[in-house]
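K.L.:
coords please:
(chains A, B, C, D, E and F)
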Protein chains: 6
Amino acid sequence: MRAVCFGELMMRLVPPGYLRISQADRLELTFGGAEANVAVSLANYGVDARFVTRFPNNPIGELAIQTLRSMNVDTAHIARGGDRVGIYFVEKGASMRPSKVVYDRKHSSIATIEPGMVDWDSAFDGADWFHWTGITPALSDSATAVTLEACQAAKAKGLTISCDLNYRKNLWSREKAKQTMTALAQYVDVMIANEEDSQDVFGIAAEGSDIEGGQLSESGYRALAKRLADTFGCAKVAFTLRESFSANDNDWSGLLYDRAADSAARSRKYSVRIVDRVGGGDAFGGGLIYSLLSGFDNASAINFAVAASALKHTIEGDFNRVTVDEVKALAGGSVSGRVQR
Amino acid sequence: MRAVCFGELMMRLVPPGYLRISQADRLELTFGGAEANVAVSLANYGVDARFVTRFPNNPIGELAIQTLRSMNVDTAHIARGGDRVGIYFVEKGASMRPSKVVYDRKHSSIATIEPGMVDWDSAFDGADWFHWTGITPALSDSATAVTLEACQAAKAKGLTISCDLNYRKNLWSREKAKQTMTALAQYVDVMIANEEDSQDVFGIAAEGSDIEGGQLSESGYRALAKRLADTFGCAKVAFTLRESFSANDNDWSGLLYDRAADSAARSRKYSVRIVDRVGGGDAFGGGLIYSLLSGFDNASAINFAVAASALKHTIEGDFNRVTVDEVKALAGGSVSGRVQR
Amino acid sequence: MRAVCFGELMMRLVPPGYLRISQADRLELTFGGAEANVAVSLANYGVDARFVTRFPNNPIGELAIQTLRSMNVDTAHIARGGDRVGIYFVEKGASMRPSKVVYDRKHSSIATIEPGMVDWDSAFDGADWFHWTGITPALSDSATAVTLEACQAAKAKGLTISCDLNYRKNLWSREKAKQTMTALAQYVDVMIANEEDSQDVFGIAAEGSDIEGGQLSESGYRALAKRLADTFGCAKVAFTLRESFSANDNDWSGLLYDRAADSAARSRKYSVRIVDRVGGGDAFGGGLIYSLLSGFDNASAINFAVAASALKHTIEGDFNRVTVDEVKALAGGSVSGRVQR
Amino acid sequence: MRAVCFGELMMRLVPPGYLRISQADRLELTFGGAEANVAVSLANYGVDARFVTRFPNNPIGELAIQTLRSMNVDTAHIARGGDRVGIYFVEKGASMRPSKVVYDRKHSSIATIEPGMVDWDSAFDGADWFHWTGITPALSDSATAVTLEACQAAKAKGLTISCDLNYRKNLWSREKAKQTMTALAQYVDVMIANEEDSQDVFGIAAEGSDIEGGQLSESGYRALAKRLADTFGCAKVAFTLRESFSANDNDWSGLLYDRAADSAARSRKYSVRIVDRVGGGDAFGGGLIYSLLSGFDNASAINFAVAASALKHTIEGDFNRVTVDEVKALAGGSVSGRVQR
Amino acid sequence: MRAVCFGELMMRLVPPGYLRISQADRLELTFGGAEANVAVSLANYGVDARFVTRFPNNPIGELAIQTLRSMNVDTAHIARGGDRVGIYFVEKGASMRPSKVVYDRKHSSIATIEPGMVDWDSAFDGADWFHWTGITPALSDSATAVTLEACQAAKAKGLTISCDLNYRKNLWSREKAKQTMTALAQYVDVMIANEEDSQDVFGIAAEGSDIEGGQLSESGYRALAKRLADTFGCAKVAFTLRESFSANDNDWSGLLYDRAADSAARSRKYSVRIVDRVGGGDAFGGGLIYSLLSGFDNASAINFAVAASALKHTIEGDFNRVTVDEVKALAGGSVSGRVQR
Amino acid sequence: MRAVCFGELMMRLVPPGYLRISQADRLELTFGGAEANVAVSLANYGVDARFVTRFPNNPIGELAIQTLRSMNVDTAHIARGGDRVGIYFVEKGASMRPSKVVYDRKHSSIATIEPGMVDWDSAFDGADWFHWTGITPALSDSATAVTLEACQAAKAKGLTISCDLNYRKNLWSREKAKQTMTALAQYVDVMIANEEDSQDVFGIAAEGSDIEGGQLSESGYRALAKRLADTFGCAKVAFTLRESFSANDNDWSGLLYDRAADSAARSRKYSVRIVDRVGGGDAFGGGLIYSLLSGFDNASAINFAVAASALKHTIEGDFNRVTVDEVKALAGGSVSGRVQR
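P.N.:
Sure thing, here's the model as predicted:
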């Protein structure tokens, strides 16, 4: 199985522990980004994962590549050039104090990518799946153009295409997002979203769901998924469902709608004591793609994806450093956290 | 708005994470102290905050001043001289293991301050508010004398005077505290206390409140507040109410009694997953003074003060490094801790 | 009071915070091991504790001895020689992600110990108690032989002998364990076990107890204890009872069966927010031995042992760095975790 | 004495110790920048130092301001807006391996500053001195325009103007630099340069100086200084003279030419074992400005400036955290490094 | 260009800074080993480097593989199985205090490797070069057998074979080494040694060389190299020549003897201020193999190898994290260590 | 061999690396003090070393004891009580920037010790040697009285008494020191001093020695030693001779005068690249006492003492963590710092 992910990988800088940015005089340095996080998940599960992006010709770009290589992600098709690797700062929240992400991602090499810089024919060689998210076209018009270029190449080669809507309000307006994503969504076979994304991007809300209060209606989500699937012709639509009680405590579940069967599979729900939730949605995407590539049925797929992303919440950094066996153990019901010797 | 706080700022040394002092071979170095913590809160909220204390002429004294300056606190009226900056060690508790504070504060420069060392007329220039706590007179007889000197100068200049009772049993006996504080309380307009302080200092207990069990009776606190206000002629008396389930989990609320209206406003109650609770009471004081200086009504004031101090429990160190906007967001009901991007 | 413990002390290497081993580029270095942990507990409680093991003649062996000495454990009878100090890596779990212990303990100096290397007559001089665990004989046949040698010498000198069953499946099979431990158990006066050990080692299960689900039947454990006591002629059998809700949250209690009285004392149950649970069972053993050496009645003994081990869960590292006063305060009901100043 | 510095303050990220960037998973976080470094030096010497720049409205901008405030630098005239705080990464060299600075400073808020954003009349209020460097106009055309605006305002108010040429080849070409700096140099009273700058910026080389070999001819520098002073009408021209034997070991001295007297004062030369040399030239500038503001004669001024900057080489970070007394002690000949108790 | 290295990669644990092992409570974790270090050097220089070893099936083995992958080393032919990854502790020396290496490498998976576990035919597919060192056969008789197996397969495939003698006295006696290495040396085309190795392994000393005093005679080394080349039929023999003045300061050079030309090329000599010298000899090997694979002449080859290994002394960890450009810049004479911006 | 040392052990707090105190937000925590440092040296060399001091009854006092115990120092005669453990901050110097020690040692438990608090008869039981330094009487009049008490008890029991003059100008005036030390010096058999002490304490200067310039005249020191020995009736007088070129580089040697033989032995001189020089003099004292206790001749004794203290300069912290073998290897001429495997 070979999958290709396209998007941004940023340097992630985090004060130690629960320190605020204003208290920091050291920063933990890792890398993260929605699409690369999916690639790492896939590599961890044994998929031949390839990540496509653009990095500058400097030691920061080299460090990013080295990091991906250590995760066993294929970096051969990464374009080089441009000014900088995007950066984001994460301040870990606690209790009622929310986590805070400060982006310094403008003018990054991937934002200034241009059509033609990636040889998609070669990048997709032997691949079964192509994954991108709504962040990439949001970076710039030229990044939108390259995303379109990639979707067309992937479609031509017969790859399955997945997209996580991932709306980011500081990158673009709802209007711009709607216009752009409506065009790109035509190519998407598997759409991934959370409870706010479809509202933000396409103006379509879940009925019967009060997000702040954390009350979620399953039927509402099913209807919403059907509407998205019908609108864009997607074979499957998946939702992550987060109920946030505090920065430390969330409930986490998911739902997978299958358009052909017009049925939805709802996952088990996990109560998570959070170590680091950034990247949790991407871990869901990684788990889902692996499951579908592996031919799991819908119920197994959504349960694997949710268990994988629940585990991610217990792991520092964007990357979901878990194995298939660990995910399966959790999905199989082992939640007691007993010491493994 | 200008406020002046008078008291001690100590070096605060803390083993990393949950290590006990006996396990430490490194210590995190910050500064903290009841009155300086209030000054920092006020500076964070945009108040022109001035801190008065006494530091020795050595690099530790310089470091303390540098720290206050970084917090935008005015240090121009800090007296210099004496032997040392007080130190305290904090061992962070967990679950049933209580946090432990070991003081090494004797013989500090502020404890050996003498009347005449501070030019109060100049220190109070342009000020609206004067804040001190029961710790300062407990340090020494001469510190008591300077506190009295300050209260008299503040009263003469028409400042509002607030005092947090802050009883510390290792600094003085209940008898000594009662005698001293009774004399100083005459100058106090706004008195702040927790459920144990008024008992410890003045021998007046809250009825209907079982502290260990954490059962708090609102009417009992209201009666207690009234009694304090009537005894000392305070316009307002505020209580912080802590229900401690473990070193990690506390409920936190407050009550503000207004003597003129003979009414009490009770705040929202927060369930807090604690990061660091030392300084929580001071964050309450800072929030309350800011609220009253800003002309908030009683209900808004107590809710701002409690939200501010609830947030403090999620922040490392004594200082409450939050903004007015963050406090207002929490007081406005945003407790879900969702990531802010 | 003098007690002698015999077994392995390993180097314990732990990634910072909740990092997985695969994320580590630094490791916290301490030492730990079931029997040494008991010795440290006893030394903390004022018992003259002596630890017997075998270390190589290299700086790692020196560091291990230095560590024991800092804990006030008598190291005079530690044999020297062999290749290495055993190592184990601990990856701290969170929420549904279990903690993971990776052992690199094979070929250690204690595993290659031979009868005659320890002068037991001298090691037991003036001693009242001898403690060992099921890990030591599991290390090798020669370690089994030395354990037998020690038991015989202790019995000859009239010491009370305690044993924690501590079954480790990567060290030996159930068959081998049963055969070996059945022989050694004849010497044991006080047997300590958890809910899985007696099943794993002797094939005797608690009835009415569903370990995964965490439902424990007190009568089942009592019956099990009686059966163990009768089978091996032990005066007392103690159980630790863990209910694991997640890697962060456990309930913890214990039960002490007295064969002479044919009665069982059940302890208070603690809900623990875990800092580090490795060594929790050993802290129970240390508390129990101290209690029995001190002549506590059964109820007091089991409550002291459980309070001590509950506290251990809040402390980093294998060693239970608490005092008798701290354990008694908790056993006496002080669970609120309020700051001690 | 009041001095105003104008330019960029960047976040400075440095791997621990001598690790290369490619080895880093933590970064030490401080701030630094040529003109801010001078402001910090001046504040350390008791000058009322004001720093003018532009920061974005985000927590990184706040942290930068907090850092300046802790150094007692006046931040009241810092403009807010734009996208980002510039960043640079420093990899500390050793022996034959050179230190490496990787810039990520494009698109910073100061680079996108526009004329009119700073109220120079107010910023220069009460000031005696204005300092800028060749880096600021190199950032962008609009930054050049603001530099010109500042120079004109400063000249109109009668301030002494100093400029450190500070040529940075990754910011602009020699041609662009020459054209721009020639125009701006008309306003400069005190010019500061190293042995390469005047060649790079104005195409004027020191004769008789072999930089690689480290052989410096005093008469050559004197002639060069005279030429620069005559060309631009500067009252004084100062040179820093570095002889680099390895990344750890440099010799460091300076020369101050006085146009009126047509004479040059050469400083003592120091052999420096380097802790951190980034910011060394700025420490020279800070020392020189302080000396001239304080009315030192030329020999004293150049010796103070060189001693100050020699000390900087022993201090981590860009900022020269030393006092006047410490500089004077070194300039007075105390080089033995004996412990001060 | 493809090269295959065979040997051991160990976990390397180092106390921070200059702490002794007895002072450590944290350890820096990297990996290192003579043959893997060469593979990393080659990968850094763009050679397709493949490392063959044997790791256990546990997280430590996984971490070792992940580390190699991050360095771009091909890990596809690493055998899995056995008990453990070897460990060594490094205590960094200073001044007259020597660095100390404590090995805990016995019983490692590579020591218990058996013939047949590696498919050499596949491992050598497309390869030009095979490198091993005298450490590998010293690990065990079976490791010797596998080394022989590898040499025979490499010879059969026409690869160039290099060997670094690397005598380790704690692994085997001189007698055993001589016997084993004499047999294996028959396969070696390029032999690498330091001034002690040939004496230790083959009993052949450099004449006119006083190692302690650090006086090296070039003609003596040339004669020694010729003797080794003639004895074993090697095309080339290379020496590293270290003059150790203290743990911080060494001079470093090399010599390459060419048997066909019967001539020796002596390199430039570098005075090195040491950051970390462990792995310095392997960096020489990596540089030499790269040079010879690239067709450099003898003088260029020895100068590249020595410059590369001189740089290694300035880099923390076993791996030589430098590029071809950096080595060439140094070999080209740039030793001043000036900051690169 | 049993030796007793009496004096102060302080908490030692040090910023990481070369950071100044004003840059610190973490501190390395160890313990150190002139007399305890000697005790640790002696314990490392196998002497039964006992340390007598006074610590408060708090966790800091416990930590100090635990530290001594880990070093194998007997702590059984340490008195308990008083307010605090003294603290000192060390700022590590570099190049021309001197190291700086900031003391916060006033009001410590040892400073408020009173005669009768130590049972000297029991403390000296079985002892051969008593060591104290000029710091102890400088702490307070009561500490002087206890020092006198100890000297009398030691003399009565026939112990050899050594004293390191150790003048500290912030503790007392030269006048007070001269008066006090003259009285106490009557009891001293072995006097230790550096080139400044005898001048500072007794007003007796070395002739022919220019300390700043580092030019030392051996005959001058010999004359000075003779004068001290004759004045106070000491059997031996030892000098440490430091030539300080920078904070990083010192030359270090010593001289031992024997009154009976009226001859002086001069040691080898070491050029030291300094890691941490605080405690260097105490390491000399420890080495000297060990040598004399062991019956070394004068030349061997002074060479052992100087080699031991030279090694100390390469070790972090006050304690000289080296073995007799390591000292002997250095004294025997092994200065090349080659890696020991």
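
K.L.:
going by C-alpha atoms from here, please, whenever you check contacts or count neighbours.
P.N.:
Fine.

K.L.:
show me the contacts for the residue of the stretch 1-150 of chain A found nearest chain F.
P.N.:
Chain F sits closest to residue A:25 of the stretch 1-150 of chain A, with a gap of 8.3 Å, by CA to the nearest CA. Neighbouring residues of residue A:25 by CA atoms under 8 Å, 6 or more residues apart in numbering or on different chains: A:15, D:28, D:29, D:30.

K.L.:
out of those, who has the most neighbours?
P.N.:
residue A:15 (23 neighbours; other CA atoms under 10 Å in any protein chain shown).

K.L.:
in three-state terms, label the closest residue to that one other than its chain neighbours for me.
P.N.:
Using CA to CA, 6 or more residues apart in numbering or on different chains and skipping the chain neighbours, the partner closest in space to residue A:15 is residue A:27 (4.7 Å). Following DSSP: H, G, I helix; E, B strand; the rest coil, the label given to residue A:27 is strand.

K.L.:
longest helix in chain A, by residue count?
P.N.:
helix A:141-157 (DSSP state H).

K.L.:
quick one: average pLDDT of the helix or strand immediately after that one in the chain?
P.N.:
Going down the chain from helix A:141-157, the next helix or strand is strand A:160-164, by DSSP states H and E. What strand A:160-164 shows for mean pLDDT is 98.

K.L.:
and strand A:160-164, which strands flank it?
P.N.:
strand A:129-133 (parallel), strand A:190-194 (parallel) (DSSP bridges).

K.L.:
export that strand as PDB, just CAs?
P.N.:
C-alpha atoms of strand A:160-164 as PDB (Å, rounded to 0.1, in the frame of the first residue of the first chain):
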ATOM      1  CA  THR A 160      -8.600   7.300  -4.000                       C
ATOM      2  CA  ILE A 161      -8.600  10.900  -2.800                       C
ATOM      3  CA  SER A 162      -9.300  12.000   0.800                       C
ATOM      4  CA  CYS A 163      -9.600  15.500   2.200                       C
ATOM      5  CA  ASP A 164      -9.800  16.700   5.800                       C
END
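
K.L.:
need the contact partners of it.
P.N.:
So strand A:160-164 is in contact with A:128-134, A:151, A:154-155, A:185, A:187-193, A:285, going by CA under 8 Å, 6+ apart.

K.L.:
can you point out the buried residues in the longest helix of chain A?
P.N.:
Buried positions in helix A:141-157, judged by neighbour count with 16 or more other CA atoms under 10 Å in any protein chain shown: A:141-148, A:150-151, A:153-155, A:157.

K.L.:
for the residue of the stretch 1-150 of chain A closest to chain F, report the pLDDT, please.
P.N.:
95.

K.L.:
residue A:341 now?
P.N.:
pLDDT, residue A:341: 88.

K.L.:
residues contacting it?
P.N.:
C:100, C:101, C:102, C:103, C:168, C:170 are the contacts of residue A:341 under CA under 8 Å, 6+ apart.

K.L.:
run through the residues that contact residue A:301.
P.N.:
Per CA under 8 Å, 6+ apart, neighbours of residue A:301: A:287, A:288, A:291, A:292.

K.L.:
for the first one, give me its contacts.
P.N.:
Residues in contact with residue A:287 (CA under 8 Å, 6+ apart) are A:41, A:42, A:301, A:304, A:305, A:306, A:308, A:309.

K.L.:
what's the answer for the third one, then?
P.N.:
For residue A:291, the contacting residues are A:300, A:301, A:304, A:305, taking CA under 8 Å, 6+ apart as the criterion.

K.L.:
can you state the direction angle for the helix or strand where residue A:282 lies and strand A:190-194?
P.N.:
Per DSSP H and E: residue A:282 is located in helix A:280-293. Orientation note: helix A:280-293 sits at an angle of 150 degrees relative to strand A:190-194 (axes from the mean of the first three to the mean of the last three CA atoms, to 10 degrees).

K.L.:
next one: helix A:280-293 to chain centre, how far?
P.N.:
Relative to its parent chain, helix A:280-293 has a centroid offset of 8 Å by CA atoms, centre = their mean, to the nearest Å.

K.L.:
need the CA coordinates for that helix. CSV is fine.
P.N.:
Extracted C-alpha coordinates of helix A:280-293, given in CSV (Å, rounded to 0.1, in the frame of the first residue of the first chain):
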residue,chain,number,x,y,z
GLY,A,280,-5.6,14.4,17.2
GLY,A,281,-7.7,15.0,14.1
ASP,A,282,-4.8,14.0,11.8
ALA,A,283,-4.4,10.8,13.8
PHE,A,284,-8.0,10.1,13.0
GLY,A,285,-7.4,10.7,9.3
GLY,A,286,-4.3,8.4,9.4
GLY,A,287,-6.2,5.7,11.1
LEU,A,288,-9.1,6.0,8.7
ILE,A,289,-7.0,5.9,5.6
TYR,A,290,-5.1,2.9,6.9
SER,A,291,-8.3,1.1,7.7
LEU,A,292,-9.9,1.8,4.3
LEU,A,293,-6.7,0.9,2.5
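
K.L.:
just want the angle from the helix or strand that that helix is followed by to helix A:280-293.
P.N.:
Downstream of helix A:280-293, the next assigned helix or strand under DSSP H and E is helix A:298-312. Computed with the same axes, to 10 degrees, the direction of helix A:298-312 lies at 150 degrees from that of helix A:280-293.

K.L.:
near chain E at all, the helix or strand following helix A:298-312?
P.N.:
Note on helix A:298-312: by DSSP H and E, the next helix or strand toward the C-terminus is helix A:324-331. No: using CA under 8 Å from any CA of the partner chain, helix A:324-331 never reaches chain E; the gap is at least 13.1 Å.

K.L.:
other residues contacting helix A:324-331?
P.N.:
For helix A:324-331, contacts defined as CA under 8 Å, 6+ apart pick out A:44, A:45, A:303, A:304, A:307, A:308, A:311, C:96.

K.L.:
tell me which element residue A:237 is part of?
P.N.:
strand A:236-244.

K.L.:
report the angle between that strand and strand A:190-194.
P.N.:
Using the same axes, to 10 degrees, strand A:236-244 lies at 20 degrees relative to strand A:190-194.

K.L.:
do strand A:236-244 and chain B meet?
P.N.:
Yes: with CA under 8 Å from any CA as the criterion, chain B is reached by strand A:236-244 at residue A:244.

K.L.:
tell me if that strand is near chain C.
P.N.:
No: against chain C, strand A:236-244 shows no contacts by CA under 8 Å from any CA, the least distance being 15.5 Å.

K.L.:
okay, now the sheet partners of that strand, with direction.
P.N.:
strand A:190-194 (parallel), strand A:249-258 (antiparallel).

K.L.:
now the contacts of helix A:324-331 as TSV including neighbour count, pLDDT and distance to residue A:319?
P.N.:
As requested, these are arranged in TSV below (neighbours: other CA atoms under 10 Å in any protein chain shown; pLDDT from 0 to 100; distance: CA to CA, whole Å):
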residue	neighbour count	pLDDT	distance to residue A:319
A:44	21	98	10
A:45	20	98	13
A:303	30	98	19
A:304	28	98	17
A:307	30	98	15
A:308	31	98	11
A:311	28	98	11
C:96	26	95	17
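
K.L.:
tell me the one among those nearest to residue F:338.
P.N.:
residue A:44 (43.0 Å; CA to CA).

K.L.:
pull the contacting residues for the closest one.
P.N.:
A:71, A:72, A:321, A:322, A:323, A:324.

K.L.:
for chain D, state which of these is nearest.
P.N.:
Nearest member of the contacts of residue A:44 to chain D, counting by CA to the nearest CA, is residue A:71, at 15.0 Å.
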